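Trainee: Sequence and predicted structure, then a few things I'm wondering about:
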Amino acid sequence: MADETRASESSSGGDRPDRGERRPSSRPGGPGGGREGGGPGGRKYFRRKKVCKFCVEKIEAINYKDIRLLAQFVAESGRIVPRRLTGVCTPHQRRLSLAIKQARNIALLPFAGRAA
C-alpha cells in the first residue's frame, strides 16, 4: 500500500508543475524581446541593419598602412572588433583582419591596448 502511494506521487511529480508544460510569458517576441514598446515612454525599439563600410564606400583594397581606417576596427583593449558589432561583410572582415595583423607586425598598430 505504501508502495502504491509512492508510485502515484512520483508519476504525478508531487507539487512541481509538469516540465513539458509552458507557462504563458508576459514578454513578447522571445529571447531578444521584440519591437513592442517596453522601454520608458513606450517607444518601439528599432535596430538599424548594419551595412559594410567597405561595400558602401566602394573600397576594394584595404591597405595595412592606413592606420586611421584600421584603428576604427580595433577595440581599446587591442582586440579586432567582430563582424557582428561592426557590420563588415565576411570577405572584407578577412582582409581587414589580415591588414590589422600586418600593421601590428611592423609596429603601426599596438598588439595590446593601453595598460590600466
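Mentor: That came through fine.

Trainee: Tell me which residues touch residue 87, please.
Mentor: Residue 87 makes contact with 50-53 under the criterion C-beta atoms under 8 Å, 6 or more residues apart in numbering. Where you see a C-beta, it was placed from the backbone N, CA and C, and this is true even at glycine.

Trainee: Can you add distance to residue 44 and neighbour count and give these back as TSV?
Mentor: TSV is the format used below for these (distance: C-beta to C-beta, whole Å; neighbours: other C-beta atoms under 10 Å):
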residue	distance to residue 44	neighbour count
50	19	13
51	21	11
52	26	17
53	27	17
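
Trainee: So, low pLDDT: which residues of this protein?
Mentor: Low-confidence segments of the chain, defined by pLDDT under 70, are located at 1-42, 115-116.

Trainee: And the strands in it?
Mentor: Taking DSSP state E to define them, one finds no strands in the chain.

Trainee: most residues in a single helix of it, which one?
Mentor: Longest helix of the chain, by residue count under DSSP state H: helix 90-105.

Trainee: Would you map the helices across the chain?
Mentor: Along the chain, counting by DSSP H, helices occupy 2-12, 53-56, 67-71, 83-86, 90-105.

Trainee: Can you say which of the ones you listed is packed in most?
Mentor: Comparing the helices of the chain by mean neighbour count (mean count of other C-beta atoms under 10 Å), helix 90-105 ranks first with a mean of 17.

Trainee: Give me the contacts around that helix.
Mentor: If you take C-beta under 8 Å, 6+ apart as the criterion, helix 90-105 is touched by 52, 54-55, 62-67, 70, 73-74, 80, 83, 86, 88, 109-111.

Trainee: do that again at 10 Å, thanks
Mentor: Judged by C-beta atoms under 10 Å, 6 or more residues apart in numbering, the contacts made with helix 90-105 from elsewhere in the structure are 52-55, 59-67, 69-74, 78-83, 86-88, 108-112.
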